[in-house]
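Trainee: this is a predicted model, with the sequence first.
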Amino acid sequence: MNQIFTDIQSKINEALENSPAKDLEKNVKAMMSQGFAKLDLVTREEFDIQAQVLAKTRAKLEALEARVAALEASLKSE
């Protein structure tokens with residue numbers, strides 16, 4: 001029984017590989033890739049890296065702001 005399904009599946013896959021639908025799929029993928037290339041998009045990996053950089057920068061900024069506030073407070077108390 002499994003052999004019958006395997007044979008049917010392989011024949012369907014073979015028919016799809018040789019059909020115009022496969023060419024259409026390739027053309028649509030190529031067209032979409034070109035469209036996305038024209039947009040200013042980044043990969044998820046690049047986005048995640050930049051999000052980490054931003055988080056570190058934000059933490060450093062908050063630490064520096066706290067130091068400046070402490071220094072200003074110490075100058076006012078003198």
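Mentor: Great, that's in hand.
Trainee: which residue ranges make up each domain of this structure?
Mentor: With domains defined by automatic domain parsing, the chain comprises 1-41, 42-78.
Trainee: buried residues in the last one?
Mentor: Neighbour-count burial for domain 42-78 flags no residue at all (criterion: 16 or more other C-beta atoms under 10 Å). The C-beta positions use only the backbone N, C-alpha and C, and glycine is treated the same way.
Trainee: average pLDDT for that domain, rounded please.
Mentor: Mean pLDDT, domain 42-78: 95.
Trainee: ok now that domain, how far from the chain's centre?
Mentor: Taking C-alpha atoms, centre = their mean, to the nearest Å, the mean C-alpha location of domain 42-78 is offset from the chain mean by 26 Å.
Trainee: same deal with stretch 8-17?
Mentor: When distances are taken as C-alpha atoms, centre = their mean, stretch 8-17 is centred 33 Å away from the chain's centroid.
Trainee: report the distance from stretch 4-24 to the chain centre.
Mentor: Stretch 4-24 sits 32 Å away from the centroid of its parent chain (C-alpha atoms, centre = their mean).
Trainee: same question for it, mean pLDDT?
Mentor: The model assigns stretch 4-24 a mean pLDDT of 76.
Trainee: distance of residue 45 relative to residue 59?
Mentor: From residue 45 across to residue 59, the span is 22 Å (C-beta to C-beta, to the nearest Å).
Trainee: with residue 28 instead?
Mentor: 44 Å.
Trainee: cool, and residue 3?
Mentor: Distance check for residue 3 against residue 59: by C-beta to C-beta, it reads 61 Å.
Trainee: distance check, residue 55 against residue 66.
Mentor: 17 Å.
Trainee: repeat that for residue 24.
Mentor: Noted for residue 24: a distance of 60 Å to residue 66, by C-beta to C-beta.
Trainee: try residue 40
Mentor: Applying C-beta to C-beta, the value for residue 40 to residue 66 is 36 Å.
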